[in-house]
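> Using only what follows, build the 3D model:
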Amino acid sequence: MNPRLTDIDPAEALRYLGCTDAPPEALRRDLDRCRARLLDCARPRLVWRSFPRLPDGRLEGTDWTPAGADIAAHLRGCPHVVVLAATLGAETETLIRRAQRRDMAQALLLDACAAAAMEHVCDNFCADLAAASAPARLTARYSPGYGDFPLSEQRHIFALLDVTRRIGVSLTEGGLMLPQKSVTALIGLGAPEGARTATSCDTCPARAHCMFRKEGRSCGTP
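Below you'll find the model as predicted:
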């Protein structure tokens, strides 16, 4: 399955900016220009593999049992686990950094568009995977850093998928990815009835300091 970036949802980009009301016309025009630049610049890449999940939670053919009670619960009952890494590429990072030197307002718009674009790439991958795997059900994506699934688990994903060589993403000692607009995740394949098939506030890494939750609202994610 090839990465697909076909659009950037302006409403999602605005949510990343913290804008939930109708934006001023000038902001909408600036956002549209940034969306167009981002769509022209981004070079999305992804790599993935599917592993049978053994009764003890280990991925077959590896020595890795994803750490944490939350990821174990998320994948419970799934006979297979899809391990994914995706990025918008260094080109996007360069575009945002150049804007930061000239115009921070534009850089913020580009960064929000890039975050929305990364979600779009991952959503398209999951849609393609679901179509190819039907009637088996998928869980939602679950990334290191969510819940008690440690960010340090990134190193296992990078080793299993040969991420740096295959899609050009590197990993810092602290477990952060470069380029920053990159994602790793696990997806349960063959999810039983009742499994979480959409992301929610419960597993969001921004839950503790989310501006939307403080106002009694959500960012729009199911």
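
> give me every residue that touches residue 136.
Neighbouring residues of residue 136 by CB atoms under 8 Å, 6 or more residues apart in numbering: 189, 190, 191. No exception for glycine: its C-beta is placed from N, CA and C like everyone else's.

> Please tell me how far it sits from residue 185.
Distance, residue 136 to residue 185, by CB to CB, to the nearest Å: 17 Å.

> Please apply the same query to residue 192.
Counting by CB to CB - residue 192 and residue 185 are separated by 19 Å.

> what about the two, which has more around it?
Set side by side, residue 192 and residue 185 show more neighbours around residue 185, with 20 against 12, by other CB atoms under 10 Å.

> how about that one, secondary structure?
Assigned by DSSP: H, G, I helix; E, B strand; the rest coil, the conformation of residue 185 is strand.

> Skipping adjacent residues, who's closest to it in space?
What sits nearest to residue 185 in space, not counting adjacent residues and going by CB to CB, 6 or more residues apart in numbering, is residue 141, at 3.9 Å.

> okay, now the one you found: neighbour count?
Neighbours of residue 141 under the rule other CB under 10 Å: 24.

> Backbone dihedrals for it, please?
Dihedral pair for residue 141: phi -70, psi 140, per degrees, to the nearest 10.

> Local confidence estimate at it?
Looking at residue 141, its pLDDT is 96.

> And the one 3 residues further on, by the same measure?
Reading off the per-residue confidence, residue 144 sits at a pLDDT of 96.

> was I right about it contacting residue 184?
Yes. Between residue 144 and residue 184 there is a contact at 6.2 Å, judged by CB atoms under 8 Å.

> what's the burial count for residue 33?
14.

> roughly how far apart are it and residue 16?
Distance, residue 33 to residue 16, using CB to CB: 17 Å.
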